[in-house]
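Asks: pasting the sequence and the predicted model now:
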Amino acid sequence: MIKSIQSIFKIPELRRRLLFTLAIFFVYRIGGHVPTPGINAQALGQFFSQASGTLFGLYDMFVGGSFKKMTIFGLGIMPYISASIILQLLGSVVPYFQKLQKEGEEGRRKITQYTRYGTVVISALQAYGISVFLESITTQEGQSIVLHPGFGFRLLTMLTLCSGTIFIMWLGEQITERGIGNGISLIIFIGIIARLPGGLMNEIRQVLAGTKRPVPELFLVFFLILAVAAVVFITQGRRRVPVQYAKRVIGRKMYGGQSTHIPLSVNSAGVIPIIFASSIMMAPRTVTTFFPNSTLMQTVGELFSPSSILHMLLFGLLIIFFAYFYTAIVINPIDMADNMRKYGGFIPGVRPGRKTAEYIDRVMTRITLPGAIFFALIAVMPLILMRSTNIQFYFGGTSLIIVVGVAIDTLQQIESHLLMRHYDGFLKRGKLRSRR
């Protein structure tokens, strides 16, 4: 492992990419501390201290705490993620976008352009809604969050937050082109990781002060290590469907005849099911924050609190549902079967065409279920432990899965750079040891 790390800095291009990525991270974290004009920071902090377990808290997790502070990066990269998901959903139902997805590089460039336009529109609408919302709320002490409400504040907030999102989108694209890994994913990754040192220091201070016992904290560390190992194992899980290509003679050359496989992932939907399920489950508690004096709303808030049995059960079921829903959008068995038949490929023992599509769909249905149940357990388990042991988790199931997934993807890209230049990578050494 030490030799692999040393090899990274021996390659000028890889070293330059890593340093460039770290510089972008530094710029992103600096922007996360520049406040939006016209905001009472003290009153805003009091409001968000009462809004834990709501959509505001979920959104703040993805933007690295910038939303809670209402900085210029308060919207984060989430408008871009929303625009990407909308374009992906349109690609499964609108013929024009389906055609763009099949046009190769030119189609991807067009979809990227539409995604950018959608990011601007969504961020502008969200920024305006946030400005109106901030003007309408006050803390329990009667403090107003906005210092000078009115049209000027709304326009300034729209320009500031929208510009911040566009700048973050540009930073992410620069990481993708000139750095290491998927820039958008790494932006979310660094936002989540940024909260870890503060939470870790807080736990250490409480243990030293005697307010928390060391044994539960050691159990928490053991659980996190075990959960990370399990998430890595399931994330890397693949079901290999064998594919045989028939021999074809074109001119004087013979093509095909080789055997390969289709790697179907156990978790094809990624973290999207957990994000969707979290948004839906936190919506009722978000609504109840607008009615602090209503007994009915407070009762509804208690029913949907993260520590309630109803919340855990519905949360797990929604994750499983959205895992199947989004997998059906991402993977199209009919297109896969048509592409195989076009190039003379077939699955041994399965007739090409409709039977192949049905076979792939049946395999995906079977392997998605254990993956969905596992990630539902990972998402719900911290809530169960907090309810039974009163241990506070700074890393929830959603954060854990995102961090592990992005870390694996980044390591694989570094691995490809090392192997390209005849260096042993991180993963290759592990595979050699396992074979021995």
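Replies: The structure has been received and is ready for your questions.
Asks: contact partners for E302?
Replies: E302 makes contact with S308, according to Cβ atoms under 8 Å, 6 or more residues apart in numbering. From N, CA and C alone the C-beta is placed, and that goes for glycine too.
Asks: tell me which element it falls in.
Replies: Secondary structure assignment for E302, by DSSP states H and E: helix 295-303.
Asks: beyond that helix, next helix or strand please.
Replies: Tracing the chain C-terminally past helix 295-303 and defining elements by DSSP H and E, one meets helix 309-330 next.
Asks: in terms of secondary structure, what does that next one contact?
Replies: helix 78-93, helix 272-288, helix 354-389 (3 or more Cβ pairs under 8 Å, 6 or more residues apart in numbering; DSSP states H and E).
Asks: what segments of this structure are strands?
Replies: Taking DSSP state E as the test, the strands found in the chain are 238-245, 248-250, 253-255, 259-265, 345-346.
Asks: what comes into contact with stretch 125-137?
Replies: With Cβ under 8 Å, 6+ apart, stretch 125-137 has contacts from 39, 44, 47, 70, 74-75, 79, 145-146, 149, 153-154, 157-158, 160-162.
Asks: only the buried residues of that stretch, if you could.
Replies: By neighbour count with 16 or more other Cβ atoms under 10 Å, stretch 125-137 contains the buried residues Q126, A127, Y128, I130, S131, L134, E135.
Asks: need the contact list for L75.
Replies: With Cβ under 8 Å, 6+ apart, L75 has these contacts: V63, F67, S123, Q126, A127, I130, L161, C162, G164, T165.
Asks: with L186 instead?
Replies: If a contact means Cβ under 8 Å, 6+ apart, then L186 has T21, F25, G172, I175, G179, V406, T410 as its contacts.
Asks: who's in contact with the fifth one?
Replies: Yep, that's G179 we're talking about. Each residue near G179 by Cβ under 8 Å, 6+ apart is listed here: R17, L18, F20, T21, I24, L186.
Asks: the helix holding E302 vs helix 309-330, what angle?
Replies: Per axes from the mean of the first three to the mean of the last three Cα atoms, to 10 degrees, the angle that helix 295-303 makes with helix 309-330 is 70 degrees.
Asks: mean confidence score for helix 295-303?
Replies: Taken as a whole, helix 295-303 carries a mean pLDDT of 74.
Asks: which residue, neighbours along the chain excluded, lies closest to V231?
Replies: Nearest residue to V231 in three dimensions, chain neighbours excluded: V404, at 4.5 Å (Cβ to Cβ, 6 or more residues apart in numbering).
Asks: next one: I168
Replies: With Cβ to Cβ, 6+ apart as the criterion, I168 has its nearest non-adjacent residue at 5.1 Å, and that residue is I77.
Asks: how close does the one you found get to L18?
Replies: 21 Å (Cβ to Cβ, to the nearest Å).
Asks: again, but for Q236
Replies: Plainly put, Q236 is 23 Å away from L18 if you go by Cβ to Cβ.
Asks: do the same with I272
Replies: Distance of I272 to L18, given as Cβ to Cβ: 28 Å.
Asks: returning to that earlier point: got the strands of the chain as a markdown table, with mean pLDDT columns?
Replies: A markdown table is the format used below for those (pLDDT from 0 to 100):
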| stretch | mean pLDDT |
| --- | --- |
| strand 238-245 | 85 |
| strand 248-250 | 63 |
| strand 253-255 | 62 |
| strand 259-265 | 84 |
| strand 345-346 | 82 |
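Asks: can you tell me which of those strands is most buried?
Replies: strand 345-346 (a mean of 20; mean count of other Cβ atoms under 10 Å).
Asks: report the strands that pair with that strand, each with its relative direction.
Replies: Taking DSSP bridges as the criterion, strand 345-346 forms sheet pairs with strand 238-245 (antiparallel).
Asks: and the spatially closest residue to F374 that is not a sequence neighbour, what's its pLDDT?
Replies: Excluding the flanking residues, the one nearest F374 by Cβ to Cβ, 6+ apart is I234, at 5.2 Å. I234 is assigned a predicted lDDT (pLDDT) of 85.
Asks: same check, this time on M201
Replies: 81.
Asks: relative to E358, how far out is it?
Replies: As judged by Cβ to Cβ, M201 and E358 stand 55 Å apart.
Asks: and G181, by the same measure?
Replies: Taking Cβ to Cβ, one finds G181 at 36 Å from E358.
Asks: and for L159?
Replies: 53 Å.
Asks: so those two - more neighbours on which side?
Replies: The neighbour count for L159 versus E358, taken as other Cβ atoms under 10 Å, is higher for E358 (15 against 12).
Asks: for the nearest residue to that one once chain neighbours are set aside, list the residues it contacts.
Replies: What sits nearest to E358 in space, not counting adjacent residues and going by Cβ to Cβ, 6+ apart, is P333, at 7.5 Å. Counting by Cβ under 8 Å, 6+ apart, P333 touches T356, A357, E358, I360, D361, M364.
Asks: whichever of those residues end up buried, select them in PyMOL.
Replies: Here is the PyMOL selection string for the buried members of these, based on 16+ other Cβ under 10 Å:
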select buried, resi 356+357+360+361+364
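Asks: quick check: of the buried residues of stretch 125-137, which lies closest to S92?
Replies: When the buried residues of stretch 125-137 are compared for distance to S92 (Cβ to Cβ), Q126 wins out at 24.5 Å.
Asks: what about that closest one, distance to A229?
Replies: Distance, Q126 to A229, using Cβ to Cβ: 37 Å.
Asks: go on, V350?
Replies: Using Cβ to Cβ, one obtains 35 Å as the distance from V350 to A229.
Asks: neighbour count for these two, which is higher?
Replies: Set V350 next to A229 and count neighbours by other Cβ under 10 Å: V350 wins out with 16 against 11.
Asks: what about the closest residue to the more buried one other than its chain neighbours, neighbour count?
Replies: Closest residue to V350 in three dimensions, ignoring its sequence neighbours and counting by Cβ to Cβ, 6+ apart: Y359, at 4.8 Å. Neighbour count for Y359, taken as other Cβ under 10 Å: 17.
Asks: then L303?
Replies: Around L303 there are 14 other residues, counting by other Cβ under 10 Å.
Asks: who's in contact with it?
Replies: Neighbouring residues of L303 by Cβ under 8 Å, 6+ apart: P284, L310, H311.
Asks: quick one: the helices in the stretch 1-150 of the chain, in order.
Replies: Listed in chain order, the helices of the stretch 1-150 of the chain (DSSP state H, counting those that start in this stretch) span 2-10, 12-31, 41-49, 55-62, 66-69, 78-93, 95-101, 105-136.
Asks: nothing else from me, thank you.
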